[in-house]
Structures are given as structure tokens and as C-alpha cells.
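**Q** how does the following fold in three dimensions:
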Amino acid sequence: MKQIDAVVAAARELRRVRAEALPKMKGDLRALYRTLELPGANPLKDAHAALDAAVLTAYGFNSKRDLLAQLLALNQAVAAKIENAESVTAPGVPKNYLDPKKLVTDDCIKQ
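**A** You can find the predicted model right below:
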């Protein structure tokens, strides 16, 4: 569950950085992301790097190895478990997560 909490914290920080930066600039989200092309420190770049690192850790991936190959291997392992009628964790919040409501924030997209 630590990995889920780390991804959640990084994603919230990314949204906070974006929400803080957008009113200070002319333009929209696209203009904000164009700032990633500029040299120098960038809080948005740092927030994305932190989220990337949290997701890689959550999946047990190594950033120095081919990410597509690691994803393919994970998909193949899940497919093999399904084929063998073994249980797999469905996408989304795991059923054994203690308090899934704490993962939802007011700024999330609701259907």
C-alpha cells in the first residue's frame, strides 16, 4: 500500500504545481507544458519526475531498463495467470486497500 500512497502523493503534488502555475501565465495547460522545453529548473518537470519514479517503483520497474519490455513482460505474466485461472489484481484501487475514499480529491474528474 506504500506504493499506492506514494503515487497518490506525487499525483496530487503534480496537480498542485499545475494549479498554482496556470493563473500566473498567459495561456492554457498546453502553454504550461511548453515551459518544460525551457532550460533551467522547473517545478512541473520535478513533479512529473517524482510521479514517474513513484509509478516505476509501484510496478517494480527499473528506469535503466527498457520500459516497454518490462511492461510487455508484466502483461504476459498477467495473461498467463488469467489463462491458468489464477487470481490477478484488477485495474484501479486494490480491493484490500483500507480507505479508498482517501484517494479521491475534490479536483478529480467525476463521471
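**Q** now the phi/psi pair for the residue of the chain positioned farthest from its centre, please.
**A** Largest separation from the mean C-alpha position in the chain: residue 84, at 29.5 Å (CA atoms, centre = their mean). Here is the backbone geometry of residue 84 (degrees, to the nearest 10): phi -90, psi 10.
**Q** against residue 78, how distant is it?
**A** When distance is defined by CB to CB, to the nearest Å, residue 84 is 11 Å away from residue 78. The C-beta positions use only the backbone N, C-alpha and C, and glycine is treated the same way.
**Q** which stretches of this protein aren't confidently modelled?
**A** Within the chain, the segments meeting pLDDT under 70 span 108-111.
**Q** need the helices for this protein, in chain order.
**A** For the chain, the helices defined by DSSP state H cover 2-21, 29-34, 43-59, 67-83.
**Q** contacts for the shortest one, please.
**A** For helix 29-34, the external contacting residues (CB atoms under 8 Å, 6 or more residues apart in numbering) are 18, 21, 22, 25, 44.
**Q** appreciated, that's everything.
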